[in-house]
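Colleague: Build the 3D model from these lines:
(one chain, ligands or ions: 2)
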Amino acid sequence: MSEPHLAARLQGLGTTVFAEMSALAARTGAVNLGQGFPDTDGPGEVIEAAVRALRTGHNQYAPGIGIQSLREAIAAHQERFYGLTYDPSSEILVTTGATEAIAAALLALVEPGDEVIALEPYYDSYVAGISMAGGVRVPVTLRTPDFRLDVDALAAAITTRTKLMLINSPHNPTGTVLDLDELSAIAALAVEHDLLVITDEVYEHLTFDGLAHHPLAAMDRMRDRTVTISSGGKTFSFTGWKVGWACASPDLVRAVNTAKQFMTFTSGAPLQPAIAQALAMPDSYFHSLGADLQAKRDRLCKGLSEVGFDVFVPQGTYFVTTDIRPLGYTDGMEFCLSLPERAGVVAIPHQVFYDNTEVGKPLVRWAFCKQEAVIDEALDRLARGLVTTR
Ligand code: PMP
Ligand code: GLN
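Modeller: Numbering: from 1, shown residues only. Ligands and ions are numbered 1, 2, ... in the order given. Modelled structure (predicted):
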């Protein structure tokens, strides 16, 4: 259905599936394993830092590129974990969440008609960002059972109209963490075809089984053609704070900021010193994140498998993907829309993240960034609801 007042480039974007499904959970009292947000707060000392900032006058416009202490903390974080050096005065831009950084980067770098290659299933804001920029998205599909990058498919997707690749690792919704071979292949293609790359690394610290996240910008000859995006939302369990950033060469940062400055001008001032403090926390904090979440991953994966789903165990992120066909269902959207009534649980259908919707149709995503009792309650409900009504 076309929306009467909406510009053509935004037709079809509708309401985000996360808002829709969280509203469904609230309306029905279902356990919400849909939208990815933790149900406990991040570190108390970081909250105190934000309160202190509110009480000590950090309440007027911050500099457009972000406060200096946060830019320095982001630079120190990239150096500490990845050995990447960025100049805080010209190579780092603070944004209103990773979402704004993604949109601003696409608006800044994509000409109408340019092709943008992205890994499918896509995080939903990529589709919107590419559309708003007038770009043409070109999917490279990650497929079950292991959702690895098909390097030949990536090479085949590149044309003379390709402007950039939009990469996401750890990948939402599949949980794939790209390995060094895959990242080298992406880098080699980017260099060969002189492409820019935007890389969304918001789940950089949420990896499991001792697996390391490798930033694309650290690959050979990638630093100066890559816009690296992340945010404090996942790393510090403050998804509502919306403090994000982009790291890139000065010319790329200037371009992204040209768009950003007319979207929000500057991002929320009092949360910036708090995230600066958070980024300076000891290594032990960052290392424990994955370990804590891994136990939750295992709990949900085991339970979903016992309920009867095919479970694709993720290497990172907040999410696990299942195939619903072993339980006799074929359409993930229908399944998710009726799940609150049938079982009192909300999950996210993969198919909304695809151009090739048939590939995603039997797949459903579940969030495990929840308290163990909440995961157990959801599993109980699924075991009862799906068995009795199948
Ligand atoms: N990228 C991915 C892959 C995400 O899952 C999310 C969602 N949280 C974002 C970007 C947006 O991050 P932020 O909340 O910082 O805007
Ligand atoms: N990133 C979160 C998810 O994938 C949701 C963020 C949002 O609601 N836009 O569930």
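Colleague: neighbours of the closest residue to ligand 1 within the stretch 101-250 of the chain, just the number please.
Modeller: Proximity to ligand 1, evaluated over the stretch 101-250 of the chain using C-beta to the nearest ligand atom, is greatest for S231 at 3.2 Å. The way it works is simple: take the backbone N, C-alpha and C, and place the C-beta from them, glycine included. S231 has 28 neighbouring residues, counting by other C-beta atoms under 10 Å.
Colleague: which residues does it bridge with?
Modeller: For S231, the beta-bridge assignment (DSSP bridges) gives partners G244.
Colleague: Going by neighbour count, list what's buried in stretch 301-309.
Modeller: 301, 303-304, 307-309 (16 or more other C-beta atoms under 10 Å).
Colleague: I'd like to know which of the residues you listed are part of helices.
Modeller: In this view, the buried residues of stretch 301-309 that belong to helices under DSSP state H are 301, 303-304, 307.
Colleague: which one of those residues is nearest ligand 1?
Modeller: Of those, the one sitting nearest to ligand 1 (C-beta to the nearest ligand atom) turns out to be C301, at 19.1 Å.
Colleague: For the helix or strand hosting E358, buried residues please.
Modeller: Per DSSP states H and E, E358 falls inside helix 357-360. Residues 359-360 are the ones in helix 357-360 that count as buried (16+ other C-beta under 10 Å).
Colleague: residues in contact with that helix?
Modeller: 120-121, 141, 143, 332, 349-354 (C-beta atoms under 8 Å, 6 or more residues apart in numbering).
Colleague: ok, now with 7 Å
Modeller: By C-beta atoms under 7 Å, 6 or more residues apart in numbering, the surrounding residues in contact with helix 357-360 are 121, 141, 143, 332, 350-351, 353-354.
Colleague: Now tabulate the residues you listed in TSV and tack on pLDDT, neighbour count and secondary structure.
Modeller: Below are these laid out as TSV (pLDDT from 0 to 100; neighbours: other C-beta atoms under 10 Å; DSSP: H, G, I helix; E, B strand; the rest coil):
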residue	pLDDT	neighbour count	secondary structure
P121	98	27	coil
T141	98	17	strand
R143	97	13	coil
G332	97	27	helix
H350	96	26	helix
Q351	94	21	helix
F353	96	25	helix
Y354	96	18	coil
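Colleague: mind checking the SS state of V227?
Modeller: Assigned by DSSP: H, G, I helix; E, B strand; the rest coil, the conformation of V227 is strand.
Colleague: give me every residue that touches it.
Modeller: 105, 198, 246, 248, 252, 256.
Colleague: any idea how far the residue in the stretch 151-300 of the chain positioned nearest to ligand 2 lies from R9?
Modeller: At 5.2 Å from ligand 2, N172 is the closest residue in the stretch 151-300 of the chain, using C-beta to the nearest ligand atom. For N172, the distance to R9 equals 24 Å [C-beta to C-beta, to the nearest Å].
Colleague: L13 contacts A128, correct?
Modeller: Yes - using C-beta atoms under 7 Å, L13 is in contact with A128, at 5.3 Å.
Colleague: For the chain, what lies in contact range of ligand 2?
Modeller: Proximity of the chain to ligand 2, by C-beta under 6 Å from any ligand atom, involves residues 16, 18, 35-36, 172.
Colleague: Now, of those residues, which are buried?
Modeller: The neighbour-count test (16+ other C-beta under 10 Å) marks 18, 35-36, 172 as buried among the residues of the chain next to ligand 2.
Colleague: mind putting those in a markdown table, secondary structure, pLDDT and distance to ligand 1 included?
Modeller: What follows is those, written out as a markdown table (DSSP: H, G, I helix; E, B strand; the rest coil; pLDDT from 0 to 100; distance: C-beta to the nearest ligand atom, whole Å):
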| residue | secondary structure | pLDDT | distance to ligand 1 |
| --- | --- | --- | --- |
| F18 | helix | 89 | 8 |
| Q35 | coil | 93 | 9 |
| G36 | coil | 94 | 6 |
| N172 | coil | 98 | 4 |
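Colleague: Format the residues you listed as a markdown table; extra columns: distance to G210.
Modeller: Converted to a markdown table, these look like this (distance: C-beta to C-beta, whole Å):
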| residue | distance to G210 |
| --- | --- |
| F18 | 30 |
| Q35 | 28 |
| G36 | 23 |
| N172 | 21 |
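Colleague: can you list the domains in this structure?
Modeller: Split into domains by automatic domain parsing, the chain comes to 8-42+284-389, 44-281.
Colleague: In stretch 45-62, which residues are buried?
Modeller: Buried residues in stretch 45-62, counting neighbours by 16+ other C-beta under 10 Å, are found at 46-47, 49-50, 53, 58, 62.
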